[in-house]
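Asks: Sequence and predicted structure below; questions after.
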Amino acid sequence: MLRVEDLLFVHPGQPTEYSFSFIAEAGEVTAISGPSGSGKSTLLDLIAGFLEPRSGRITLDDIQLVPLQPEERPISLLLQSESLFEHLSAGRNIALGLPPRTSKDTTRQKVGQALAEVGLSGVEHQIAATLSGGQKQRVALARTLLRNRPVLLLDEPFSALDDETRQTIRDLVKTLTIRHRWHTILVSHHADDVEQLAQRRYRIEAGRLELY
Amino acid sequence: MVGTVSRPAMLTLPHRPFRIATAITLAAAIATLIALVLWAILAAATDSSSTSRIDIPHLLRMTTIQAGLTTVLSLAVGTALAWSLNRLRFPGRDLVVGLFASAIVTPGMVVAFGLLAIWGRNGWINQASEALFGVSIGSPAYGLSGILFAHVVLDGAFAARILLARLDAVPANRLKTGQSLALSAWQRFTLIDWPALRGSLPGIGAIIFLLAFTSFPIVLLLGGGPANQTLEVAIYAAVRQDFDLSGAVRLAATQIAVCSIVILIASALAPVPTSFGASTPPRWRDSSTARILQGLVLAIATLGFVLPLLSVLVGGVGSIGRVLAQPTFWWAAGTSLAVGSASALLTLALALALAMGRGATANGPLRTLLGMPAFAYLAVPAVVLSLGFFLLVRSLGIAPAQAAPFVVILANSLLALPFAIATLGPPLETIARGRGKLMRSLGLSGWRQFRLVELPLIGRDLGVMLALAFCFSLGDLGVIALFGTQDFQTLPLMMFRALGSYRNNDAGAIAAILLIGTILAFAGLPKLFGKIADAAR
């Protein structure tokens, strides 16, 4: 279980004091919603380690995450855009999820498997910039599979997608979360994303999280 | 429990202590070197008891007038040219734009020589005038008019290239609004173009003023005597011709003081933010009168820039065979290539390390510190830097001739460094800030960041930077003029010596070879590195 307890943060020069507490279970999608500027992305940055809280705890199965640097945390990220290096091929982007000295054969095999799991076989050599929005998100999810980190943070990942693709990627996220027992935390201001995906729902009001 | 807020608030930049440490070390080394050079100059100025007869106020006045006129004329020509190029669409437009972009690396000596071939006593214009009308127009290529002409040819083209980028970046929606309001050509310029340009003019003006203030080869060739000398040429004359070291040191100190003041003023003129990157403009043609004017401006500017270079090629090609038969040519060409390559590689290493280190930190004072080496050239121009090195190696008991190769390579690198950092810094910053979160969350090592992310994206910029540094070094006369010997000379110095001994044909051939070398390097290196970067993807 991922547990966030009394996580306190203030942006320098701003009056709002954020205080976040919530839990996210393995194999579940936990949604965080709220209006623009309410602090949703701030919460994700705190969990990912891009912001340092004033106080509070983040634990994953009783392991403290706050002292860890962002790259040391057991976390994968999927953003609204720029989750990929657009100048690299899809295969190279996915291979970044593997340890640096992985052999070529193993890399090729694992990239192929990951792409097959997200339903996108055969695009290994395609430059990421030429992929559609939905394909890019699938490639980013394929990389997440190879990284094999237990926490997946999704920051408005479906916002740039059309309705049909949005539904497909949502289903994929749900399937992968259950299959790999990820603790998936979804930040979105779209009610239908939250309703369709999340088993546990929180809303940010005045810097605090409320279960609803 | 939680740690204290000792780290910066946002931790999206990848953790790169090695990059930061390397950059700090290099910045400190460069600062120490510059400090030593300045110390050598000031110590010599303080120790010197001999009286110099150099009239510094006169030199300062003349240099300022020349640089001021150059700045005003270059900005006017650059603005008119950018306006014309922004409006006109014709086959070969990209080639013309590329031609003006090459002005920054075209050796001043070559342009000056070309101007003499066109406007000199035996130049094309005089020959045509005498043949057609039986009268000579004299020799306007010498003196203040010649210096201004040469400077405006180079600096006007330089300004035009930057200003054109500003005009090309005007948002398409603004143009659509203007077009729907049926703005006249004048209204379009004042309401849309001018706001996009004016923020850049003070900065470009300051750079042009400094370039003209510190101009060396053009003034040396076209100055026509002491009346039009700049401080740089006076320093060279004091050291090499009059052996007046005390005068040279006083001149160098004056030069540094003036350049520093101009830099301070220029840095206070904060640029007005404008849009960047080319927009997709709607098809909006100005009135036919305006288009005729634009065509005229473009034709005159292109002729003004191309004719001197063309005359160098036409005049020089015939004598190339004779020059190639001289062993001294091959020795000088080899030296130029070796010095150019070595200083370009050194510049690359320094610029990459400094820009990467700067991009890896969010610490404001540290970022300022790591940006400082870029100002070395502006505060301490070529001849002054050479004089400082000359005094420094002499005070260390080393013969200047022995130190010459190292000093010339190092000095040329330092001179190219601000341009190299200006080329590599922004894309590296953009990568670090734009993709930092992703790189950090993936735990990319510094090497993987360079190989997979930075190298493919900045490959062409690396080529541009190497081409700039190589061409600067290839065309340099300021540094080599003080350190050159019979055994250690580059092509520009060999050309200068050929002119001094009235071997104009040899000088013309060398100028043509320098021009061809510059064009090849400037056009070829960015493409080559673009391909290398593509292969890294």
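Replies: Nice, thanks for sending it over.

Asks: Of all residues in chain A, which one is closest to chain B?
Replies: With CB to the nearest CB as the measure, residue A:71 is the residue of chain A nearest to chain B, at 3.5 Å. From N, CA and C alone the C-beta is placed, and that goes for glycine too.

Asks: Any idea how many residues pack against that residue?
Replies: By other CB atoms under 10 Å in any protein chain shown, 16 other residues sit near residue A:71.

Asks: Restricting to C-alpha, output stretch A:28-42 in CSV.
Replies: Only the C-alpha atoms of stretch A:28-42 are listed here, as CSV (Å, rounded to 0.1, in the frame of the first residue of the first chain):
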residue,chain,number,x,y,z
GLU,A,28,-6.2,-0.1,-8.0
VAL,A,29,-6.5,3.3,-9.6
THR,A,30,-6.8,6.1,-7.2
ALA,A,31,-8.1,9.4,-8.7
ILE,A,32,-7.3,12.9,-7.6
SER,A,33,-9.5,15.5,-9.0
GLY,A,34,-10.1,19.2,-8.5
PRO,A,35,-10.2,22.5,-10.5
SER,A,36,-7.2,23.9,-12.3
GLY,A,37,-4.6,25.3,-9.9
SER,A,38,-5.9,23.3,-6.9
GLY,A,39,-2.7,21.5,-6.4
LYS,A,40,-3.2,18.2,-8.3
SER,A,41,0.2,18.3,-10.1
THR,A,42,1.9,19.6,-7.0
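
Asks: correct me, but the residue of chain A closest to chain B touches residue B:443?
Replies: Yes: if you go by CB atoms under 8 Å, residue A:71 and residue B:443 touch, sitting 3.5 Å apart.

Asks: sec struct for the residue nearest to the spatial centre of chain A, please.
Replies: For chain A, residue A:153 is the residue whose C-alpha lies nearest the centre (CA atoms, centre = their mean; 2.2 Å). What DSSP: H, G, I helix; E, B strand; the rest coil gives for residue A:153 is strand.

Asks: now do residue A:92
Replies: Per three-state DSSP, residue A:92 ends up helix.

Asks: and it, how many residues sit next to it?
Replies: Number of residues near residue A:92 (other CB under 10 Å) recorded here: 20.

Asks: What of the one 5 residues further on?
Replies: The local packing of residue A:97 (other CB under 10 Å) involves 22 other residues.

Asks: The top helix by length along chain B packs against which elements?
Replies: Counting by DSSP state H, the longest helix found in chain B is helix B:400-434. Counting contacts by 3 or more CB pairs under 8 Å, 6 or more residues apart in numbering or on different chains; DSSP states H and E, helix B:400-434 is packed against helix B:17-47, helix B:327-359, helix B:376-379, helix B:382-395, helix B:455-475, helix B:478-483.

Asks: Just the buried positions in it, please.
Replies: Neighbour counts over helix B:400-434 (16 or more other CB atoms under 10 Å in any protein chain shown) mark B:400, B:403-404, B:407-421, B:423-425, B:427-429, B:431-432 as buried.

Asks: tell me the domain ranges of chain A?
Replies: A:1-74+A:150-212, A:86-148 (automatic domain parsing).

Asks: Looking at those domains, spot the one closest to residue B:221.
Replies: Closest to residue B:221 of those, according to CB to CB: domain A:86-148, at 45.7 Å.

Asks: Can you name the next helix or strand after the helix or strand containing residue B:496?
Replies: Element membership of residue B:496, judged by DSSP states H and E, is helix B:491-500. Using DSSP H and E, the helix or strand that follows helix B:491-500 towards the C-terminus is helix B:504-535.

Asks: For residue B:451, the count of nearby residues, please.
Replies: Residue B:451 has 13 nearby residues by other CB under 10 Å.

Asks: Roughly how far does it sit from chain A?
Replies: 10 Å (CB to the nearest CB, to the nearest Å).

Asks: Doesn't that residue lie inside a helix?
Replies: Yes: looking at residue B:451 with three-state DSSP, it is inside a helix.

Asks: got the buried residues for stretch A:177-189?
Replies: Residues of stretch A:177-189 classed as buried: A:177, A:180, A:182, A:183, A:184, A:185, A:186, A:187, A:188 (neighbour count, 16+ other CB under 10 Å).

Asks: measure the fifth one to residue B:426 for me?
Replies: With distances taken as CB to CB, to the nearest Å, residue A:184 is found 37 Å from residue B:426.

Asks: swap in the fourth one?
Replies: Remark: distance between residue A:183 and residue B:426 (CB to CB) = 39 Å.

Asks: can you check the first one too?
Replies: Residue A:177 sits 40 Å away from residue B:426 when distances are taken as CB to CB.

Asks: Quickly list what the residue nearest to residue A:75 when sequence neighbours are not counted is bridged to.
Replies: Excluding the flanking residues, the one nearest residue A:75 by CB to CB, 6 or more residues apart in numbering or on different chains is residue A:151, at 4.5 Å. Beta-bridge partners recorded for residue A:151 (DSSP bridges): residue A:75, residue A:183.

Asks: thinking residue A:151 is in contact with residue A:60, fair?
Replies: Yes: contact criterion CB under 8 Å: residue A:151 and residue A:60 qualify, at 6.5 Å.

Asks: show me where pLDDT drops low in the stretch 101-250 of chain B?
Replies: For the stretch 101-250 of chain B, applying pLDDT under 70 flags no range at all.

Asks: residue ranges with poor pLDDT in the stretch 401-537 of chain B?
Replies: For the stretch 401-537 of chain B (pLDDT under 70), the answer is B:536-537.

Asks: Contacts only, for the residue in it positioned nearest to chain A.
Replies: For the stretch 401-537 of chain B, the residue closest to chain A is residue B:443, as judged by CB to the nearest CB, at 3.5 Å. Contact partners of residue B:443, counting by CB atoms under 8 Å, 6 or more residues apart in numbering or on different chains, are A:71, A:72.
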